[in-house]
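here's my sequence, what's the structure:
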Amino acid sequence: MTVSAQPRQLRAQASENLLAPLQISAPLSIETFTDTAARVRHIRATFRITNPNTRRIELQSLNPIVLRDLDGDPTNNGAQPTIRETPFRNVRLYDGSDAAAQAEALQPTRGQIFNPLSGMPEVDIRTTPFVRDFRAVGLDPDTLVVPAPEGLAVAVKNYGWLGSPLAPGASINVTFAVDLPNINPSKPAADPYSFSLVFTAVESTTPQQVFFHNAIIAAESYRLDGGPVIDAPASCTDARVLDLAALPDGVNACQIIQTATHTYGYMTTSNNVSYQYDGTTFLNNTAAEFPQPRP
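Presented below is the predicted three-dimensional model:
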């Protein structure tokens, strides 16, 4: 797996253009396993992403994008288009032959491991949280405007991986993953072996609220992916949520709790302004406590 970012970065509501593109390393690791019972192959790759700018970047998310050829002429494009309405290109079999027909079969997801005790795959909470539906948590990719390479149009997908604040020169490791369902485990040569994923980086200028949004999204992702319910108050820095060493600047407190069906939380900033998430909606200027009542 390879990944590539747009050479020009995203302008969005409450966001700014980056002075220079994020730097992406070669893969640090590529891992795969096959769930033979479910006939699903899981592929994950970890990359190091670095902020080469002279200012801090509030990296909110990494959203896959579609690059559409406007006129069907590949000679006048500023970049290689993706395959149809997918964020993938260069999809190939093990022998190097073209497998573009299978691009839609690749399903972006969060990194997993195979548990030999249960005989089942499970989410690896050490990997980058994946959001299946940004609109469901109030982040609409249709409001984002990505400068398109010459000859192409851009569409931002409604799913992706969560980012993290990056100081000048700082780096984070990001794990991208896909599932390939409905395979024949005895014929791996018939399945995509290599491909490229194209994404764009979303930056926000409201870092404390983005941090809280990301904490809720990560906790919901953990719950929906089958993780044990966080039934006692836990910091947003918890390994089951954002897995951070400390709260970011400007955040005094951030807590998460869950039931079997919902995630709840609150955050207080250094300006003593508090926010809540009541299981469905983000609330502004609230008490510095979990929303009440809860089921």
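
low-scoring stretches of the stretch 101-250 of the chain, by residue?
Flagging of the stretch 101-250 of the chain using pLDDT under 70 yields the residue ranges 137-138, 205.

isn't residue 45 up against residue 29?
Yes - contact criterion CB atoms under 8 Å: residue 45 and residue 29 qualify, at 6.9 Å. All C-beta atoms are positioned from the backbone trio N, CA, C, and that covers glycine.

between these two, which one's more packed in?
Legend: neighbour count by other CB atoms under 10 Å for residue 45 and residue 29, higher for residue 45 (20 against 10).

show me the helices in the protein, by range?
Remark: helices assigned in the chain by DSSP state H are 207-224.

what's the model's confidence in the longest strand belonging to the chain, averaged?
Criterion DSSP state E: the longest strand present in the chain is strand 57-69. For strand 57-69, the mean per-residue pLDDT is 90.

outline the domain layout of this protein.
2-203, 207-284 (automatic domain parsing).

please produce CSV containing the ones you listed, extended by distance to residue 293.
CSV is the format used below for these (distance: least, CB to CB, whole Å):
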stretch, distance to residue 293
domain 2-203, 22
domain 207-284, 10
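
give me the nearest residue to residue 45, chain neighbours excluded.
Excluding its sequence neighbours, the residue lying closest to residue 45 (CB to CB, 6 or more residues apart in numbering) is residue 1, at 4.1 Å.

tell me, how many residues neighbour the one you found?
Neighbourhood size, residue 1 [other CB under 10 Å]: 21.

quick check: it touching residue 192?
No - using CB under 8 Å, residue 1 makes no contact with residue 192, being 9.9 Å away.

beta partners of residue 198?
Taking DSSP bridges as the rule, residue 198 bridges to residue 4.

now it: how far from residue 158?
Applying CB to CB, to the nearest Å, the value for residue 198 to residue 158 is 15 Å.

in terms of neighbours, single out the busier of these two.
Between residue 198 and residue 158, counting by other CB under 10 Å, residue 198 is the more crowded of the two (22 against 17).

mind checking how far that one is from residue 2?
Using CB to CB, residue 198 is found at 10 Å from residue 2.

mind listing what the closest residue in space to residue 91 that isn't next to it in sequence touches?
Distance criterion CB to CB, 6+ apart; nearest residue to residue 91, sequence neighbours excluded, is residue 195 at 4.3 Å. Residue 195 sits next to 1, 2, 88, 89, 90, 91, 92, 103, 106 when contact means CB atoms under 8 Å, 6 or more residues apart in numbering.

lowest pLDDT pick from the residues you listed?
Comparing these by pLDDT, residue 2 comes last, at 71.

isn't that one up against residue 176?
No - under the criterion of CB under 8 Å, residue 2 makes no contact with residue 176, lying 9.8 Å away.

before we move on, back to that, of the contacts of residue 195, which is the most crowded?
residue 88 (24 neighbours).

I figured it was touching residue 82, is that so?
Yes - between residue 88 and residue 82 there is a contact under CB under 8 Å: 6.0 Å.

need the residues touching each of these two.
Counting by CB under 8 Å, 6+ apart, the residues touching both residue 88 and residue 82 are residue 198.

can you give me the strands in the stretch 1-150 of the chain?
2-5, 23-24, 29-35, 40-50, 57-69, 88-92, 107-109, 112-115, 120-123, 130-131 (DSSP state E, counting those that start in this stretch).

turn those into JSON lines, including distance to residue 99.
Shown next, in JSON lines, are the strands of the stretch 1-150 of the chain (distance: least, CB to CB, whole Å):
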{"stretch": "strand 2-5", "distance to residue 99": "15"}
{"stretch": "strand 23-24", "distance to residue 99": "23"}
{"stretch": "strand 29-35", "distance to residue 99": "16"}
{"stretch": "strand 40-50", "distance to residue 99": "13"}
{"stretch": "strand 57-69", "distance to residue 99": "18"}
{"stretch": "strand 88-92", "distance to residue 99": "5"}
{"stretch": "strand 107-109", "distance to residue 99": "15"}
{"stretch": "strand 112-115", "distance to residue 99": "22"}
{"stretch": "strand 120-123", "distance to residue 99": "23"}
{"stretch": "strand 130-131", "distance to residue 99": "24"}
